[in-house]
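Asker: this is the structure alone, sequence omitted:
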């Protein structure tokens, strides 16, 4: 463990993932927060943008161009996709980077272009990036300087599925992921669809068959299935600020039953501090992970023979974004992965 | 249209479905509300139990044994399952009955016993009961005196699926229904799992593979598929008072594509006042039906060839319970089906 | 009652008060909705902006300049303040107008200028406008063509206070109004402070001592007190879409006690269809008026001698805006005031 | 700081304050949680009652009679009022006690009897109890073994008022406290009034002029005013799980203005870690203290001369209950008051 603190800067600190990084890093025993950038709010004290973060001696917001990036050990990037790749390209080499955007998640440039509607503008860096699903790419993260932190939906889908596909326990075809997310996943931008009156007391599906997290999920699952995977992924917006729940319908392979699936997942995550497999046929609730870096997974038999149902939950701002980013930073710097990550959820 | 008003009584009026019946019937042009029963609240003015229903001259709550049932044209029963069959058995013949419980929904006595854990105690009446999914059992409802009003989840699942199965447009096997419901579906009983702090800002699945609405859905679908149907049905509890959304994953049959599915559903419901099929690939939101008797249905292609996604929404207290009950009463008495049914949703 | 229908247009129909007007007018037996305007959404079918209003044959949105205003009997204006006065000035005389903005509410041009930061641009019309608090300005409304529909907070404050001040039952000084409002009062504009994540699960006060509804309340109260009145008014934002509750602290005058206050209010509203005084020391809840045009008032003694506590509730979009606007239209055209106004609240 | 850990037990651990104590104590560096009691849930693993507390090695729930109280350094009591006094009476002397109930808060036995409807059954212990409003009774807490932890509403009212009354800066008569609380303040008992459908999307006042926190507030304020104080206190239920906001209307004394009030409060709390006075005329929001032990206070001038408005916020389960209880334990054992108390709120 380093005697000196890791100097970090957060680029794009005025959104929800920025605020959540700050909540975690303020308590991190080995981190010193040196700079915060935000374009529209540059020049303002942080407490004007986030009154709940007053009193911790945090720096005021500056413009990205004012940031002396080479003075930092680690940069967290919370910028929109498209912009991020240009920023990373322009940054001096030296600081390690945890990128919370989608810019470096897809390895295939064509897939990136099809998904995001433009050619990637930093393809050479894409090759050095490592996908930061900590539990399954840990060794590669340790060796890189550029972590592509996974999406929130994708983390919730991949954690239960990866060990099963790796073991050949489920059919790689026909996986259906019915996912439900809290509103903070849409960011802090002022838009009609995120207004209280448009969200409270109602639900709807969106981005069916077109959501940009789908190729990301498929790329990760293919890594472990050893073959291409196509999933059905349906996101829904929930009237809650935090939390994702993914209900996943799978077909059993090789004569296994749901109980064996459960045993397999149990073993896969037995030593992981942040992934917890519940007892067989117990199912998790998002309110049991609020504010924590946990992902809980339940396994249930289906009434239809040959199938099983997996349910995973996580807090989209923690394990689905900023918590996993801190976990990745811990890996990058050889710290205990748990450092700075609050273990106890807030309930109610 | 009858010159005289239909005299109705509501048995078990102190719950949410009772209150919702009252909201609708107070405005119904051809109904006179003659009596309301409730066991624990008997003797109290209705406005003590439901302050929002003060000022409409509604009768006080009485015990069921005080009800002179033969003086009414129509009884709405909002009692727990198990109790209802005994009550119906003991009632004088004469009044028509719309039963909102599950007691007369399953035609097979063995299936009933397996599902509810006891032998049915009014099997002879079961034979006379008609399942009241108005749009598809309308003719049979017209001829009966005992309507088994469908469940809320089941209505949301059946309305999109029935026309497709009847037309052989989808595979009767492998249907997955991922359903999400508001809290009022759990009734007005004081229980831990319905407390604000246990529901707000979080979601979870429950009753996976065991929910009692599953056999009801399968019975109805089998009626139209012409063969047994087994479905995967996963209910989830949402932090909202009203509304159900069902996301349904189907496999296309006979070489059809999702667009043809849509056309088929569009035609099936073109003349129905309360079922509306949205333009292809538009998806409905529960907040667009709040307080109304509407069911909205959307059809979307899947990324996986040979599959499609259906999304249906309704207000669980209206089309999912009391609204459909009023619609059934309208059919029973030869009225316009729309009478008393509020057409415009409350938004926001 | 007119044999012919009243032709109405809604100017600024794409916000929440516009939508609420439509919900009410669609069911109004004597109204025909002829045109809807909206600037940014002009050219779009209404159902794109408000999917819940699909299926009622409503006209598409047009730009204000496309509106042939003289073909309508009644215009509802749902525009921002400042803009409205220019619009009314430019309109042809003929149609009666119910203005839901604040533009014509303050009679004193200086007070208007101080409150809104610019000189009124249609002072000559201001003189013809009548403040539309139906229960207390009914006769004047009947004779005008331009109704300044009251604000939501102000209606909630004025209805309990006016009869008491008129009777000299309370001290005109020292009135404290602690008011709590749902989010729809802030309109449908996309702004940070109305986002779900900034509103849900939390509360705060705002506009203390500076809210623009304060002079409006004081003007109305002075009308009935017969002397200037200064109030303390503190608005708070609540995590709910609809509803206002005002807790009002008053000092008793002329040796009266709280029970006499209650009797006085009871008599004042005994014949009003939309204002209901609850039994002494019963207090109302906003959920008992949701979607209805009701205002409920409770009166409670204080522990401090010589004081009393009043609590009023209403739905800010109905009696606090669009419902009262329809009630004013009914008065303007000599209809039953209740026409088109839904009597039964939606609960839960 | 003790080298050995403080052994604590929580009596009545199955409610929300018990869960919140556990959330805080699990992370407390100087505490070992030795036993948890609960009557109805005795014998069950804690994780069945609170799934979010699984994985921390916490003991199972036992009955109170199984507790060997003399083996603990500190007991937290989370029992209903009335019961608590009997329990404390029966306990062996030795362990220090932080009582979260109301049983030992009122020093005057007659006032207790009038407020709670029965004579106090442990009057002799009442004399030894110290009221645990940490910032103002710290020295007395240090010397006692029995702390009466303040109520949630009372803490929110007392923290802004105590320094002002002590300084004679406001009139001790005529204080009006309009308070708004989240639902968790009503506990985890299954009751109709705490159901999601009875709370969400609506607000109401309750316990006006009769709430049992009123005498507690008055006793504390009188301690610092040096004379009897009578307040008007109106609690309201809010659709949110956590948080209290108190809007307090005061009359200025001795020719002071609101800005001087602010300066006085600012100085009073300048060195307190958990009470923060915002810049003049800035007002706090409950969402800025969620999960933290903070109380934020804002001061605003009134439009009415000679008056001012104070707004305080806190998390009712933290500074309003379990957080303050931990702070009291820290004082009792000579620890840093901040130990174990999470500094950073959860937002959103």
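Answerer: Perfect, I can see it now. Quick caveat: nothing in here was measured; it's all calculated off a predicted structure.
Asker: quick one, grab the pLDDT at the residue in the stretch 201-348 of chain A that chain C sits nearest to.
Answerer: Nearest residue of the stretch 201-348 of chain A to chain C: residue A:241, at 4.7 Å (Cβ to the nearest Cβ). From N, CA and C alone the C-beta is placed, and that goes for glycine too. On pLDDT, residue A:241 comes in at 98.
Asker: contact partners for it?
Answerer: The neighbourhood of residue A:241, defined by Cβ atoms under 8 Å, 6 or more residues apart in numbering or on different chains, consists of A:182-184, B:201, C:196-197, C:200-201, D:348.
Asker: and what of residue A:107?
Answerer: A:126-127, A:219.
Asker: next up, phi/psi of it, please.
Answerer: When read as degrees, to the nearest 10, the backbone of residue A:107 gives phi -80, psi -30.
Asker: and residue A:17, what helix or strand is that in?
Answerer: helix A:16-25 (DSSP states H and E).
Asker: got the angle for the very next helix or strand once past that helix vs helix A:16-25?
Answerer: Next along the chain after helix A:16-25, taking DSSP H and E as the criterion, comes strand A:31-37. Between strand A:31-37 and helix A:16-25, the angle comes out at 160 degrees (axes from the mean of the first three to the mean of the last three Cα atoms, to 10 degrees).
Asker: mind giving me the packing neighbours of strand A:31-37?
Answerer: For strand A:31-37, the packing partners by 3 or more Cβ pairs under 8 Å, 6 or more residues apart in numbering or on different chains; DSSP states H and E come out as strand A:6-11, helix A:16-25, strand A:61-62.
Asker: who touches stretch A:126-140?
Answerer: The contact list for stretch A:126-140 (Cβ under 8 Å, 6+ apart) reads A:98-99, A:104-105, A:107, A:109, A:112, A:120, A:141, A:143-150, A:154-155, A:158-159, A:162, A:219-220, A:224, A:269, A:272, A:274-275, A:324-325, A:327-328, A:331, A:337.
Asker: list the buried residues for that stretch?
Answerer: Applying a neighbour-count criterion of 16 or more other Cβ atoms under 10 Å in any protein chain shown, the buried positions in stretch A:126-140 are A:126, A:129-137.
Asker: for those residues, which two are the farthest from each other?
Answerer: A:126 and A:135 (22.6 Å; Cβ to Cβ).
Asker: rewinding a little: and the helices and strands packed on strand A:31-37 as JSON lines, adding mean neighbour count, distance to residue C:282 and mean pLDDT?
Answerer: Listed next are the helices and strands packed on strand A:31-37 as JSON lines, based on neighbours: other Cβ atoms under 10 Å in any protein chain shown; distance: least, Cβ to Cβ, whole Å; pLDDT from 0 to 100:
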{"stretch": "strand A:6-11", "mean neighbour count": "24", "distance to residue C:282": "53", "mean pLDDT": "98"}
{"stretch": "helix A:16-25", "mean neighbour count": "26", "distance to residue C:282": "42", "mean pLDDT": "98"}
{"stretch": "strand A:61-62", "mean neighbour count": "22", "distance to residue C:282": "51", "mean pLDDT": "97"}
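Asker: chain D is nearest to which of these?
Answerer: helix A:16-25 (4.9 Å).
Asker: just want the angle from that closest one to strand A:6-11.
Answerer: Using the same axes, to 10 degrees: helix A:16-25 against strand A:6-11 is 160 degrees.
Asker: packing partners of helix A:16-25?
Answerer: strand A:6-11, strand A:31-37, helix A:323-332.
Asker: and among the ones you listed, the most buried is which?
Answerer: Most buried of the helices and strands packed on helix A:16-25, by mean neighbour count (mean count of other Cβ atoms under 10 Å in any protein chain shown): helix A:323-332, with a mean of 27.
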